[in-house]
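> fold the following and give me the result.
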Amino acid sequence: MINRSTRIKTTVVFLLVLLVLIAIFVVSIFKTDAYNKKRHYAEFTGEELFNPDSARTYLDVYVTAAARSSTWGKIFDFYDEGLTENNYQAYTYDFTVTNNTKDQVQDFKFKLVFSHEVFLASAWNGQLDIHQVSADKSDMVPDLREFHPENHNLDIFSVDGEPLVIMEKGDYLEYIPSRTVNAMEMPIEPYEATTPGIILYVKMGESMEQSTIELEYTFHRFLTTEPLFWVSVVASAIWLIALIIFVITSAQIRKYQLRHERDNEIINESIETFIEFIDAKDPYTKGHSKRVAKYTKMIAKELGYEGEELDRIYYIALLHDCGKIGVPDSILGKPGKLTDEEFEIIKSHTTRGWDILSHFKSLKNVGEGALYHHERYDGKGYPKGKAGEDIPLIARVICVADSFDAMNTNRVYRNRLSKEQIINELEKNKGLQFDPKLADIMLRLIKENKIVIEG
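The predicted model follows:
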């Protein structure tokens with residue numbers, strides 16, 4: 001059975017779990033945002049830059065450079081000496097930026113620092129931020145293919161009418177890639193690459209393979225690739241399934257509980273109707289069975305019983321005197337002292353009750369209350385003469401409750417006892433008639449006014 005307390009606790013657990021899932025989702029958003037804002041740096045030079053086999057391919061993002069096989073030469077006659085042979089060779093260098101992750105490279109730029117003198121001829125797609133450190137000059141060139149020297153503050157050397165940008169050792173350029181539809185160098189999709197190109201002239205016999213590239217980049221991680229996001233999604237799906245199961249199960253259990261409560265009402269009404277017949281035989285004990293059942297339930301609750309088990313104990317106590325239905329009214333209502341034979345008939349209500357309840361299978365051990373409630377803790381009771389822990393617990397509890405109600409009501413043979421007398425009797429008979437622990441519980445209930453003694 002799911003009681004109200006359990007439903008509240010379960011609801012609280014569901015709400016707490018939901019809050020945790022929301023927190024995980026929010027954390028995944030912040031974590032993704034922080035990851036996307038972080039700037040990353042890497043540096044490549046020499047063999048690791050110009051030899052793809054030596055590149056640091058284990059990195060998330062790396063750069064390799066390679067010169068195309070097609071080259072051509074030109075005469076650079078700096079001093080008008082009338083040179084006739086080509087002394088500079090043009091190279092087309094491809095700089096491949098590879099994304100080695102499952103995330104987009106949102107943006108990047110690289111800084112190319114030259115190891116010796118070169119002359120920039122052309123570049124495509126991206127912008128060049130050129131820094132002639134030696135000449136203390138710098139300028140941004142949106143497209144080197146449409147370079148007009150008069151528009152820029154840079155040192156230029158022209159060959160055959162072609163303006164070339166002079167880059168000395170230590171000078172550098174920053175390549176800023178293009179996002180145009182035609183170029184689309186950014187973003188770089190997962191496990192893909194983009195390849196900017198630069199044409200430059202190098203002195204015959206030399207190369208730029210000792211130059212350095214400093215790469216700067218950021219990622220764009222989609223929320224759906226963040227592990228915590230999927231943790232929250234999967235956990236939320238499990239949470240939702242669990243909630244649906246809980247709601248459906250709770251509804252079914254509630255339906256069962258309502259039916260069970262109705263069945264209990266029918267059982268209770270049936271038992272109480274039967275008990276009314278018994279109590280009607282003796283007007284002096286009217287309501288006795290209900291009161292004993294109430295006191296028994298109170299003691300059982302102090303012992304830690306609850307729920308259906310507490311209801312079962314109540315019903316057993318309610319039926320404890322059912323055997324009296326077979327005792328003649330003349331004996332039950334006799335005001336004077338009973339003869340030995342009459343007393344034996346009175347005592348037989350315990351075994352009669354056992355026989356009557358032997359067919360009552362829906363209440364576990366229902367007959368124990370009827371059969372043993374007149375047993376004494378010291379073994380001097382009836383009908384079996386059981387003692388101590390051998391007497392079933394339910395019968396020991398009923399014994400205390402039954403004796404208390406007998407002392408607290410008027411009987412045909414005497415008036416009820418005072419509160420002090422009842423307390424004295426309970427104290428005096430601990431360990432004799434009553435289980436000491438149960439007698440102490442009854443005394444505590446009296447002292448705490450949970451059980452009220454009138455008069």
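> please make it C-alpha for all contacts and neighbour counts, starting now.
Will do.
> surely Pro177 touches Lys111?
No - shown here, Pro177 and Lys111 do not form a contact pair, counting by C-alpha atoms under 8 Å, at 11.7 Å.
> out of these two, which sits in the more crowded spot?
Pro177 (23 against 19; other C-alpha atoms under 10 Å).
> which one is that one nearest to, not counting chain neighbours?
Gly126 (4.2 Å; C-alpha to C-alpha, 6 or more residues apart in numbering).
> pop the domain breakdown of the protein in here.
If you go by automatic domain parsing, the domain ranges for the chain are 1-37+226-262, 39-223, 281-447.
> so which of these gets nearest Phe274?
Among the domains of the chain, the nearest to Phe274 by C-alpha to C-alpha is domain 281-447 (8.2 Å).
> run the chain-centre distance for that closest one.
Distance of domain 281-447 from the chain centroid (C-alpha atoms, centre = their mean, to the nearest Å) equals 51 Å.
> per-residue confidence averaged over the strand ranked longest in the chain?
Looking across the chain with DSSP state E, the single longest strand is strand 88-99. Per-region confidence: strand 88-99 scores 94 on mean pLDDT.
> using PDB, list the CA coordinates for that strand.
The C-alpha trace of strand 88-99 is given here as PDB (Å, rounded to 0.1, in the frame of the first residue of the first chain):
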ATOM      1  CA  TYR A  88      64.700  34.200 -57.300                       C
ATOM      2  CA  GLN A  89      62.200  31.400 -57.500                       C
ATOM      3  CA  ALA A  90      58.400  31.700 -57.000                       C
ATOM      4  CA  TYR A  91      56.700  29.100 -54.800                       C
ATOM      5  CA  THR A  92      53.000  28.500 -54.100                       C
ATOM      6  CA  TYR A  93      52.700  27.400 -50.500                       C
ATOM      7  CA  ASP A  94      49.500  25.700 -49.300                       C
ATOM      8  CA  PHE A  95      48.900  26.000 -45.600                       C
ATOM      9  CA  THR A  96      46.400  23.300 -44.600                       C
ATOM     10  CA  VAL A  97      44.600  23.800 -41.300                       C
ATOM     11  CA  THR A  98      43.100  20.500 -40.200                       C
ATOM     12  CA  ASN A  99      40.300  20.100 -37.700                       C
END
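> and it, what does it pack onto?
Contacts defined by 3 or more C-alpha pairs under 8 Å, 6 or more residues apart in numbering; DSSP states H and E place strand 88-99 against strand 61-67, strand 72-74, strand 193-194, strand 197-203.
> got those as a markdown table, with mean pLDDT columns?
Formatted as a markdown table, the helices and strands packed on strand 88-99 follow (pLDDT from 0 to 100):
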| stretch | mean pLDDT |
| --- | --- |
| strand 61-67 | 93 |
| strand 72-74 | 93 |
| strand 193-194 | 94 |
| strand 197-203 | 94 |
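> of those, which is nearest Glu162?
Of all the helices and strands packed on strand 88-99, strand 72-74 comes closest under C-alpha to C-alpha, at 11.0 Å.
> give me the contacts around the closest one.
Glu85, Asn86, Asn87, Tyr88, Gln89, Ala90, Tyr91, Val159 (C-alpha atoms under 8 Å, 6 or more residues apart in numbering).
> now with 10 Å, please.
Outside of strand 72-74, the residues within contact range by C-alpha atoms under 10 Å, 6 or more residues apart in numbering are 84-92, 159-160, 201-204.
> adjacent strands (with direction) for it?
strand 88-99 (antiparallel) (DSSP bridges).
> next, the angle from the partner strand to strand 197-203.
140 degrees (axes from the mean of the first three to the mean of the last three C-alpha atoms, to 10 degrees).
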